[in-house]
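Test case, fold it:
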Amino acid sequence: MSAFSRRALLGAASAGFAASLLPGLSARAAAPFQNTLPPAWHRFRIGEFEATIVSDGTLPLGKPEPAFPASPPEEIRALLTGNFLDPGAATLEQNALILNTGKQLILFDTGMGESMGAASKMFGPTTGRLLANMRAAGIQPEQIDLVILTHAHCDHCWALVDAEGKRNFPNAQVAISETDLKFWTDSGNKKGPEFMTSFIDGATKNLGAYRDRMIMVKDGQPVVPGIVALSTPGHTFGHMCYAITSGGTTVVNTGDLAHHQILLLRKPLWEFSFDSDPKLSAQSRARMLDRLAKDEHLILSYHFPWPGLGHVKREGEGYGWYPAPTNVTAL
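Residues are numbered from 1 along each chain as shown. Have a look, this model is predicted:
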């Protein structure tokens, strides 16, 4: 068929569609764009426990090279483009876990919050949505009995209080490693990278509001029945993962063991700019990823693509990330 014939056919089809409209009716513009997202929460079971993941929103890092300063830029770009990701912008999720054990309602990490004013938006306007998403999932902040922190960075503890310093979780205790509590509330550690000052001021404000209701977690010890702390130092000196076990099922909440599902799994020894001790962090990551791959436990990663659930598998010098089908784990 010639180009002219194709054009004629298309024109005739268009004319036929217009003629098919009912008398007195005309084609209307499409419905307006909504430009909003639904509340982000996902519910599933861990044995006898009910688990709900709620989002604190996306956390954009911008260009990935500054976040991985010791890594070859060409390798960063190749890994991202090879996995259909934008090489010019790295975006992380923030997946907070709420666990109902039947006896307690436990929140792991709090997201960025609004306690530090403009500093709370250092990564842009898309963070700080945990409380709204909790409520959308039918969970009220005052119902939380215990907040367990993987570590005391801004995107994990700055929503313990509001802008006025009032506790967002008025009935909760807070569990954290003693190492992180001491380090991130010590003004003498305001040195090194520029972000350290705001990180320490924010941790001091948020953790200080709960100083009379703290639980110190220890490596290999239960925080409460069914939840065991696993020391993985380096990202912060007191960073913890948590193994959650019920009814013969174990899920490991890995916190910030690895921030990116491609860059830090394919290259687990790469260093990340927000690590307190990048080399120690890489060693902890390699050790724990090896254990997780061998045990084949489901893991929840705070910063991996929503909702952060999946498995890791040894592949070459690194690991592959295999997201869990959400319909398999749903109630």
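
helix or strand for the closest residue to E296 other than its chain neighbours, which one?
Nearest residue to E296 in three dimensions, chain neighbours excluded: H311, at 6.5 Å (CB to CB, 6 or more residues apart in numbering). Using the backbone N, CA and C atoms, a C-beta is placed for each residue, glycine as well. Counting by DSSP states H and E, the element that carries H311 is strand 309-315.

Check which helices and strands that strand sits against.
helix 278-295, strand 298-301, strand 318-323 (3 or more CB pairs under 8 Å, 6 or more residues apart in numbering; DSSP states H and E).

Give me the pLDDT value at P60.
At P60, the pLDDT value in this model is 96.

How about the one 4 residues further on?
Predicted confidence (pLDDT) for P64: 97.

cool, A30 as well?
Looking at A30, the pLDDT reads 78.

Against L292, how distant is it?
Distance of A30 to L292, given as CB to CB, to the nearest Å: 46 Å.

again, but for L107
Distance from L107 to L292, by CB to CB: 23 Å.

When these two are compared, which one has more neighbours?
L107 (28 against 21; other CB atoms under 10 Å).

how would you label that one: helix, strand or coil?
strand (DSSP: H, G, I helix; E, B strand; the rest coil).

for S177, what are its contacts?
151, 216-218, 229, 231, 238-240 (CB atoms under 8 Å, 6 or more residues apart in numbering).

For it, give me the pLDDT.
98.

what do you get for H260?
98.

Grab the nearest non-local neighbour of it.
A90 (6.6 Å).

Looks like T91 contacts G62 (just checking).
No - applying CB atoms under 8 Å as the test, T91 and G62 come out as separate, 9.0 Å apart.

R266 - how many residues pack around it?
20.

Contacts only, for it.
Neighbour list for R266: 79, 317-319 [criterion: CB under 8 Å, 6+ apart].

I'd like the residues you listed as a markdown table, with pLDDT, neighbour count and distance to K166 appended.
Shown next, in a markdown table, are these (pLDDT from 0 to 100; neighbours: other CB atoms under 10 Å; distance: CB to CB, whole Å):
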| residue | pLDDT | neighbour count | distance to K166 |
| --- | --- | --- | --- |
| L79 | 98 | 21 | 43 |
| E317 | 94 | 9 | 48 |
| G318 | 98 | 20 | 44 |
| Y319 | 98 | 24 | 42 |
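
Nearest to T185 among these?
The nearest member of the contacts of R266 to T185, counting by CB to CB, is Y319 at 34.3 Å.

what's near enough to touch the closest one?
By CB under 8 Å, 6+ apart, the neighbours of Y319 are 265-266, 268, 289, 293, 312-313.

Check K121 too.
Shown in contact with K121 (CB under 8 Å, 6+ apart): 127-128.

quick revisit: next, format the helices and strands packed on strand 309-315 as TSV and append distance to T52.
Output for these, formatted as TSV (distance: least, CB to CB, whole Å):
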stretch	distance to T52
helix 278-295	22
strand 298-301	11
strand 318-323	18
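
between T91 and G62, which one's more packed in?
T91 (18 against 13).

Surely the more buried one is within a strand?
Yes - counting by three-state DSSP, T91 falls inside a strand.

if we can go back for a sec, in this model L59 seems to touch the residue nearest to H260, though I could be wrong.
No - if you go by CB under 8 Å, A90 and L59 don't touch, sitting 9.6 Å apart.
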